[in-house]
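Participant: Let's see this in three dimensions:
(2 chains, ligands or ions: 2)
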Amino acid sequence: MSFSWSRVGAIVQKELRDYRRNRFVVLTMVFLPLVFIVAPVIQLFAIKVQITSAKLDDRIGLSLLYLLILPAIVPSVLSAYSVVGEREQGTLEPLLTTPIRSAELLVGKALAAFLPTLAVAYVIFGIFLGAVAAFAHHAVVSATFERDHLLVQLLFTPLVAGWSIWAGIAISTRMSDVRAAQQLTVVASLPPVAIVALVNFNVITASIGLALGLAGALLLVDGMAWRLVAAMFDRERLVTGRQGGPTRRA
Amino acid sequence: MTSDPDAHRGRPGRGRPGRDGATPGPALVVEHLTKHFGGRVAYEDVSFEVGYGEVFGFLGPNGAGKTTTVRTLGTLIAPTSGSATIAGIPLTAESGAAIRERIAIMPESPGLYLRLTVAENLECFARLYELRDVRDRIDRVLRAVNLGDRAKDVCGSLSKGLRQRVALARALLSDPEVLFLDEPTSGLDPVATRDVHDLLTVLRERGVTIFLTTHRLEEAERLCHRVAILNTTLRLVGRPDELREQLFSRNLDVRTRAPLDEPGRVFDGLANVDGWERSPSGSYVLNVTDPDAAAPVVVRALVAADADVLSIAESHHSLEDVYLKLVDEDVEAAKR
Ligand SMILES: Nc1ncnc2c1ncn2[C@@H]1O[C@H](COP(=O)(O)OP(=O)(O)O)[C@@H](O)[C@H]1O
Ligand SMILES: [Mg+2]
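Facilitator: Ligands and ions are numbered 1, 2, ... in the order given. Okay, the predicted model is just below:
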C-alpha cells in the first residue's frame, strides 16, 4: 500500500482553508489562548518579592501548566470535528470515494489540527515570556527562564497536542454527533496534562530524566496512534451508520 | 422473460476496448451481488454487465437499493455475497483504493465544502487523484459543465442546480473509466434538470461510461443505452425499446363510431388475436402477436359486422408502463 504525502497535503490545505473561514474555529483559536494567557501572567505578577524560592517555583510551575492546557484543548476542538463533522455536512462520502487511503486522510486531518495549534501555543508562550521579561520581578524572570522549564514547555507542547489530536480523531470516527465528540475529546485530552501537573508539583519527583522519559513515551504514542486509528476507521460504518464487518480499509 | 440466460445477466449491448487499451473486457461485471443490513435486504442477487462507452441506467423506486449498489461498487461498503469486477479490478477487501483510482462517483447530494470556492473544491479532489496540470483540468471540467466563470465563487453561495454541476465537474476531473451518478437530477427544478440532461448527453456522445441511477423513467429512457429495473432484485435488463416488447404483448387499438353490439362475436377466435378488452375511453384493445398480420383480419371482421371503423392502430407502451407494471407486481407479491 503506497502512502501518498501529496494526498495528505491536499487534505491539510483544504482543512486550513476551511478553518480560516470558519468563524467558530477562528474565535476558538483567538479567545481560548487569551483566556489561558491572562491567568498565568496575573499569577506571576502577583508574586511578592519575599516569597520562598520553593513557593516561587510552584507558582511558576502552575503558570506554565496553564499554558500546557492550551495545546491540549485547542486541537481537541478541531480533531473532534474532523471526521464526524465532515459526515454531518455530507462531505465525507465524496471524500471517501476518492483514492485516498484511510491513513492518509487521518494523517492529513491530524497535521491540519497540529500546525495551527503549535503556532498558537508557541506564539502564546512567546508572549508570556515576553510579558514576564518586561514586567515581572527579576527573581521571577530568572526562575521562569530556567533551562528545564523552557525545555519541558517546548517539548511537551507538541506532544500534548499530538495526544489530544489522535484522541479527538479516534473519538470523531466513532461518534455520530459533533457536540458529544467534542465534549468527550476535551476530557480525553487531559491525562498528559495531569501527568505534567504531577511532575510540576513534585508529586512525582521532577528530574530532567523523568521528563525526557515521559516525552519519549508520549512521542511513541503519538507516532503509533495513526495506525490504531486507521485500523478503527470503518468506511462502511461512516457512510451507513452501521458496522461493516470486514470492510475495505485500503 | 426470455430463456436466454445471457439476456438475464444483461450483457452489454456494445463493447469498446478499454481506453488506451488499459482495461480490456467490460467496464462492470456484477454477479449475484447481495447486500443485507442486518436482517434487512438492500438488494439481492443482482447480476449484470456494462460495456465501455455505455450509459447504463439503474432504474428503481425509492428504497430499491440503487444507492447501496453504487456504494458497493464504489468500494464504500462490502457486499454480503456475490462478486463484482470494476474497471477490470475484482472487488476485494484490499482492492478498494485501486478501484477508486479508476472510477468517480457523484453521490446523491453534492457534498461540496461550502466555505471553499469552486476551484478550491476541485483542486482538493484533483490532488487526491494525484492529477497533473491541475489548473488546466479544473478549467476544462468547469467549461464542460458551463461553469467556466464561476471558479472563484464560494460554493455556499451557489444554487442547488449549480452545486450539482460542480459535483459533476468534480467527478469528471480524473477522466474516470466508469462514472457513477447517483440520481443526478433528484431535487432539481426542470431547468436545472434539463441542463444536467444536456451535459450527460454530451458525455454520452463522448463515449464516457456511465452508471446512472434514477427513479425517473424519462431520464433513463432518454439518456441510457440500456436500462436495468431494480426493486431489491433485478427485474429486467435491456434496451428501453426491448423492455417494452419483452413485457407486453402487442396491442391493436380499434375505434368505432358506435359501440359494437356483440364484440365477442367479432373478435373471439380471429386468427392472430389472443384476447381483447374494452378500454375506458371506449376503444377496443386487442392483444395480438403480430399486428401486421392481425390488422387486415380485424378490419375484415369489423366490416362484416357492419361496424363503422374510425381507426385501427398499434398502441405503444412507454417505459413507464413497463416500470409501473413491474413495481405493481412487486406490490401484489408483497401482499400475498
Ligand atoms: N445504513 C442503512 N441501514 C439499514 N438499512 C439501510 C441502510 N441504507 C439503506 N438501507 C435500506 O436498504 C434499502 C435500499 O436503500 P437505498 O440503496 O438507499 O435505495 P435507493 O437508493 O434505491 O432509494 C432500503 O430498504 C433502505 O432502507
Ligand atoms: Mg438512493
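Participant: In contact with the residue nearest to A:Ile37 when sequence neighbours are not counted, which residues?
Facilitator: Leaving aside its chain neighbours, A:Ile37 sits nearest to A:Ile124 (5.3 Å; criterion: C-beta to C-beta, 6 or more residues apart in numbering or on different chains). For glycine as for every other residue, the C-beta is placed from the backbone atoms N, C-alpha and C. The contact partners of A:Ile124, taken as C-beta atoms under 8 Å, 6 or more residues apart in numbering or on different chains, are A:33, A:36-37, A:67, A:70.
Participant: hmm, try it at 10 Å
Facilitator: Contact analysis of A:Ile124 by C-beta atoms under 10 Å, 6 or more residues apart in numbering or on different chains lists A:32-34, A:36-37, A:40, A:67, A:70-71, A:74, A:157.
Participant: tell me the contacts of A:Leu218?
Facilitator: A:155-156, A:158-160, A:162-163, A:192, A:195-196 are the contacts of A:Leu218 under C-beta under 10 Å, 6+ apart.
Participant: CA atoms only: put the helix or strand of chain A with the lowest mean pLDDT into PDB for me.
Facilitator: Within chain A, no helix or strand scores below helix A:191-200, which has a mean of 76 by mean pLDDT, DSSP states H and E. These are the backbone C-alpha positions of helix A:191-200, laid out as PDB (Å, rounded to 0.1, in the frame of the first residue of the first chain):
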ATOM      1  CA  PRO A 191      -4.400  12.900  31.000                       C
ATOM      2  CA  PRO A 192      -1.000  14.000  29.700                       C
ATOM      3  CA  VAL A 193      -1.500  17.400  31.200                       C
ATOM      4  CA  ALA A 194      -2.300  15.700  34.500                       C
ATOM      5  CA  ILE A 195       0.900  13.900  34.400                       C
ATOM      6  CA  VAL A 196       2.900  17.000  33.700                       C
ATOM      7  CA  ALA A 197       1.000  18.600  36.600                       C
ATOM      8  CA  LEU A 198       2.200  15.800  39.000                       C
ATOM      9  CA  VAL A 199       5.700  16.500  37.900                       C
ATOM     10  CA  ASN A 200       5.300  20.200  38.200                       C
END
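Participant: now do the same end-to-end measure for stretch A:130-150.
Facilitator: Stretch A:130-150 stretches 13 Å from its first residue to its last (C-alpha to C-alpha, to the nearest Å).
Participant: on that earlier part again, quickly find the element holding the residue nearest to A:Ile37.
Facilitator: helix A:102-135 (DSSP states H and E).
Participant: now that helix, how far from the centre of its chain.
Facilitator: Per C-alpha atoms, centre = their mean, to the nearest Å, the displacement of helix A:102-135 from the mean C-alpha position of its chain is 8 Å.
Participant: how about that helix: buried residues?
Facilitator: Going by neighbour count (16 or more other C-beta atoms under 10 Å in any protein chain shown), the buried part of helix A:102-135 is A:102-114, A:116-118, A:120-121, A:124-125, A:128-129, A:132.
Participant: ok, now stretch B:190-208?
Facilitator: For stretch B:190-208, burial by neighbour count (16+ other C-beta under 10 Å) applies to B:192-193, B:195-197, B:199-200, B:203-204, B:208.
Participant: Wondering if the helix or strand encompassing B:His197 reaches chain A at all.
Facilitator: Following DSSP H and E, one finds B:His197 within helix B:190-205. No: using C-beta under 10 Å from any C-beta of the partner chain, we find that helix B:190-205 stays clear of chain A, coming within 17.1 Å at best.
Participant: Show me what secondary structure element comes after that helix.
Facilitator: The helix or strand immediately downstream of helix B:190-205 is strand B:210-214, counting by DSSP H and E.
Participant: Ligand 2 versus the residue nearest in space to the middle of chain B, what's the distance?
Facilitator: By C-alpha atoms, centre = their mean, chain B has its centre lying nearest to B:Gly57, at 2.0 Å. B:Gly57 sits 14 Å away from ligand 2, going by C-beta to the ion, to the nearest Å.
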